[in-house]
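Asker: could you look at this predicted model? Sequence included:
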Amino acid sequence: MDFIYDYDLDTSEAVSLPAPASPANISLSNINNSSPAFTEDFTKRLSSRFSILSSINAKSPDSCSSEPDSGEGLSNNQLADQFAKLSIDMIRQSEQELTNSPSLNAYASSSNIRKSTLSEKLFKILNNSSTLSSHLDDTTIKTSLQLLEAKNYLNSSNDSQIDEDYDLIIQPGILGTVSRRKLKINIQNEALLGSDNMLAKFEPIYNNLKKLDKDVENLNQINEKIIDELSTLDKFNEKNFKQSEKFNLSVLKDLKAQKDKILIKKHILMSFQKKFQLNEYEKFLLQSSKDIETNTQDYFQSFQKTKTIYDNCYLLLSMNNPKIGLGIMNEMKSLIDTALNNMNFFIKQNLSELNVLKKADFQVLKNCIYAITNSISKEDLYTPDNNQRLDIVEIIASNKYLKEMIHNFIDSKSKSVLAEFENIVRENERQMYSAIHDPMRFIGDMLASVHSLIVSEREILEFLCQPDEANETQIIIDQSIIDINDLENHILNNIIGVLNNPLKLRLEQTIRSQNDVSIISKLYDCLDLYKLMFSKQLRDESAIIDTLSDLQSLLQERTFSILHSKQNYIVNGSKGLLRQSIDDSDLQCPDWLIDYMNSIQDILKNFNNLGSSTNFMNLSDDLLIKLIDLLIDKPIEFVDQQISNSVQSLGTGSAKIVKINCLDLIMNKIMTINTLSLKYDEINDAIIEEVEQLTNIANEILLKETGLLEISDALNKVYPVEKFSEIEIAKRLRKPIDNPDKSVNYDIYQSLIYNNDERHSPALLFSPQNLQSVNGKIEMFIPDALSHPFFGNLSQISSPTIANEISESGFLQFVNFYRVVHTLVVIYLNNSSGQGSDFGDEVGDRLFGWNDIEIATLLGVEKAYMEQQMPDPQEDEDRISSIGERDLDSNDIIEDGDI
Amino acid sequence: MSSQNTKSSGMMKKYKLVFLGEQGVGKTSLITRFMYDTFNSQYAATIGIDFLSKTMYLDDKTIRLQLWDTAGQERFRSLIPSYMRDSNVAVVVYDISSKKSFEAIDKWVEDVKLERGSNVIIVIVGNKNDLNDSRQVTADEAELTAKKLGASIFFETSTKTGHNVKLLFKKIAQLLPEFEDSENSQSMNDHDNSQVIDVAGDEGVQDESSCQC
């Protein structure tokens, strides 16, 4: 059955073009029974909410002005076509306008999406319209009727009723109209009911959308505002760009250049500020003394920055107008001065409490010291005229902060060092007896204490002054322009220098109380050693080392003084030692000499410990000669003096024995001392001289006691018998003879024997009577010669070697003389030689009972005598070999028939 | 003890070590090995008393060791007692290849005790451990003597090879009052419980990792 769509009633109402279908018709399709009123209303509401879209299309206000009448418009295809064309034109126009409008370009992209959506909907509606117009009769109507049937609007209980209803509906009359209206009402009711249900479903969505209402409204307002501004800008641009020259290219270039200049100025000023200005905080830090401890890091960084600025001010001074530079320099100088004063104050406060100083404060102290040390400029290190580097004292004097710091340093540390030294001294003085009984230990302890103080102070100085590179808390790490070692040495010397006077005072007391030169000598060595050890630590010339040198000079003086005093006592003492006679019972050295030599024994030992370039106690050569004179020569002089006083009572021989003993004592004391070897030789020569004299005395005694003295004198007047004896022995032994008188023989004495002139005593000397008398004396004296007091006294010589030498030499001398006399008697007074004699045959044998060997045996020198007479085998071999090498000159050896 | 009271201050605590022994036993070499880790085979006699110092870091603590090197020559003997007076540690060194130098340690220890009483740490060191072939003093004999003399530490060292040198100083440092509490070591006056350590020739005993000296 076909459904006839009733639209004739509505055609009259469709005067104007129908509006396109509402975009909200989706609801209708969903419920399959859409209500046009609801659709219209909903579309209106939604479109009013999205007024942005409408505003986009504001350029074509007409396009959306008319509301579509869905029910009526759909029936007219032509109208729909017209509507569609108009809409499309409007859209195109709108697009063109939007495209042409630069102000709306920004919206183009966003609105395109919306426009396309709308266009789609519109075209869909239009298509639907066209579809509707073309298929109204069959598809749509059929569908509508099917719906009506499905809802039983057309259903009746029976077929007759159905037919009746249809009939009524399709009737043209009033009944038909009523039926149709009734049906329409039913359908509308049904639609309303569906709409209600639909609205109920949309209520949550509505509510949600309502929540967005405000935001959307705000968005709209902003949008409107932006659009207004854009339109204003468009107008401004239109007005200015075209008419004003303010914004033309040259103006822009000028402005850009101006901007660049300003930027450069800005950068310059910023750089200037960075390089030449401190901020308020930095200035405040430097002016505040408390911030050294509390804001150490910032404080020293500010200080460094200030110094850098000050140093860089020379750049400003080189400008045409140096006023700024001077101003900044003055400001920075003032800040640096304040900071340095603060640092000095901090140093002064904390130096005395180093041992209890916290680690952080200790680091601050180090930084302060380093900052002040580096506060000196490089120019101050050199003399202004010839650019010679100043020494550390001059450098310190040139910088008041450094000077003040060093002063504080020395002042504070000196007090502590002095206090510590006084403690040590007090401790030592409790053992004051040690100063008297063991001065070496007392002085050693004092100097060891000073040594400990020196090394401790050096360590402290190194801790404080040397940059600690490994320490992160070290803030100032600039390379120091002053030699820190020089500075340390200067400070250390001054700190330790405070000990000069107390140390000197105490050591002087000890030294002056000493009377033992050996201790004085040891003390000198001790001071020498400490000078060496101190100089290792103090490194420079130091006052304390000078003090030790002064004390050494005192020790030198003291040495001379003690020696003088001792000698003065010997010479002028109340006991009158030199006036005392020497004890002739033992002929030993006087006691004073033994004591004196014992007292200087240690000094003499020290002569051996010296290097070849060093004199004892570092004495000058003149002083050393004076000392040796005091040590050795003066005692010998005193010995001579005392002996000369006693010689008459002693006798010459005993006096010489005493002297030999004294010389031997002195010689033994210096025997092992290389440096005194000359003096040793000198004394040895003196002993030899004394020995010779004693030998002569011994010989003289033998001659005198045997009655041969006059004969000896007579023979010696002709030719010295001793020399003759030597030549004779040499000849016999065939030894080379250097003596020019080597040709002499016994004939030289012949005149004495044959001269009978009574006026010449020698002739009488060799008379048999005299010779018999002599022989008698010899026989009586020689066997007991050693019991003679002189030879008995020889045993008093402390050196047995010397004693033997004297006796042996004396005896040999006598035996040699005896041999000559005996030979003369045998040659000239015996007949054994075949020559005539006034005294008959073998007179000589009868005149002397003992020959020379027998005499030598009786005197105990036979061995030495025989050795003298016998050729030395080794010497003989040497001689023979030497002869073999050259022609033997017989004249050098012997003259035949001499003996 | 005479060391300065510098605990918890910026200044380090100082201890005085005096090295004693006969001439040529290696006192100076021992100090040189510890200080600079070097060895010089050329003998140079010490003149008087030499001083060196070194900071030691041990168990997060820092101390300063003042090393007083005495001359072994007879003519300098008179100076030495003055340096024993305020020492904290007396290191008596002998040469293991010289019986005479070992026999002299009795006298050295006696001198130390005369000056310091029992208020000193006595350390006996047998040096020249590398000369094992010419050894004249056995480690056992020396250890026995060290105990008898009341030494707190006995070590055999070789300054030539560096054997036991760092360990020796580490042990000495551990016995010093600064470390006594932390190390729970014996009181240095308590010689009955003295810590005599014989590590002669025992390389494995050395543990120098924690000693940054």
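Answerer: Great, that's in hand.

Asker: in three-state terms, label whichever residue of the stretch 301-450 of chain A sits closest to chain B for me.
Answerer: Chain B sits closest to residue A:362 of the stretch 301-450 of chain A, with a gap of 2.2 Å, by C-beta to the nearest C-beta. Every C-beta, even on glycine, is put in place using the N, C-alpha and C of the backbone. Classification of residue A:362 by DSSP: H, G, I helix; E, B strand; the rest coil places it in helix.

Asker: next one: residue A:588
Answerer: coil.

Asker: ok so, going back, how many other residues sit next to the residue of the stretch 301-450 of chain A closest to chain B?
Answerer: Residues near residue A:362, counting by other C-beta atoms under 10 Å in any protein chain shown, number 18.

Asker: and the lengthiest helix in chain A, what does it pack against?
Answerer: Longest helix in chain A by number of residues (criterion: DSSP state H): helix A:174-211. Packing contacts for helix A:174-211, counted by 3 or more C-beta pairs under 8 Å, 6 or more residues apart in numbering or on different chains; DSSP states H and E, involve helix A:25-31, helix A:36-49, helix A:159-170.

Asker: the stretch 401-550 of chain A against chain B: which residues are in contact?
Answerer: By C-beta under 8 Å from any C-beta of the partner chain, the residues of the stretch 401-550 of chain A that approach chain B are A:440-441, A:444-445, A:447-449, A:451-452, A:455-456, A:459-460, A:463, A:522, A:526, A:529-530, A:532-533, A:536-537.

Asker: could you rerun that using 7 Å?
Answerer: Residues of the stretch 401-550 of chain A lying close to chain B by C-beta under 7 Å from any C-beta of the partner chain are A:440-441, A:444-445, A:448, A:455, A:459, A:463, A:529, A:532-533.

Asker: I'd like these laid out as JSON lines, including pLDDT.
Answerer: As requested, these are exported to JSON lines (pLDDT from 0 to 100):
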{"residue": "A:440", "pLDDT": "86"}
{"residue": "A:441", "pLDDT": "86"}
{"residue": "A:444", "pLDDT": "89"}
{"residue": "A:445", "pLDDT": "87"}
{"residue": "A:448", "pLDDT": "91"}
{"residue": "A:455", "pLDDT": "91"}
{"residue": "A:459", "pLDDT": "87"}
{"residue": "A:463", "pLDDT": "83"}
{"residue": "A:529", "pLDDT": "90"}
{"residue": "A:532", "pLDDT": "88"}
{"residue": "A:533", "pLDDT": "90"}
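
Asker: farthest-apart pair in these, please.
Answerer: Taking C-beta to C-beta, the two most distant members of these are A:440 and A:463; they sit 34.3 Å apart.

Asker: show me where chain B has strands.
Answerer: Ranges of strands in chain B, per DSSP state E, are B:13-21, B:49-58, B:61-70, B:89-95, B:121-127, B:153-156, B:211-212.

Asker: any chance of TSV for those strands, columns distance to residue A:591, mean pLDDT and mean neighbour count?
Answerer: Formatted as TSV, the strands of chain B follow (distance: least, C-beta to C-beta, whole Å; pLDDT from 0 to 100; neighbours: other C-beta atoms under 10 Å in any protein chain shown):
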stretch	distance to residue A:591	mean pLDDT	mean neighbour count
strand B:13-21	43	93	25
strand B:49-58	41	89	18
strand B:61-70	41	90	21
strand B:89-95	46	96	26
strand B:121-127	49	95	28
strand B:153-156	55	94	26
strand B:211-212	66	44	15
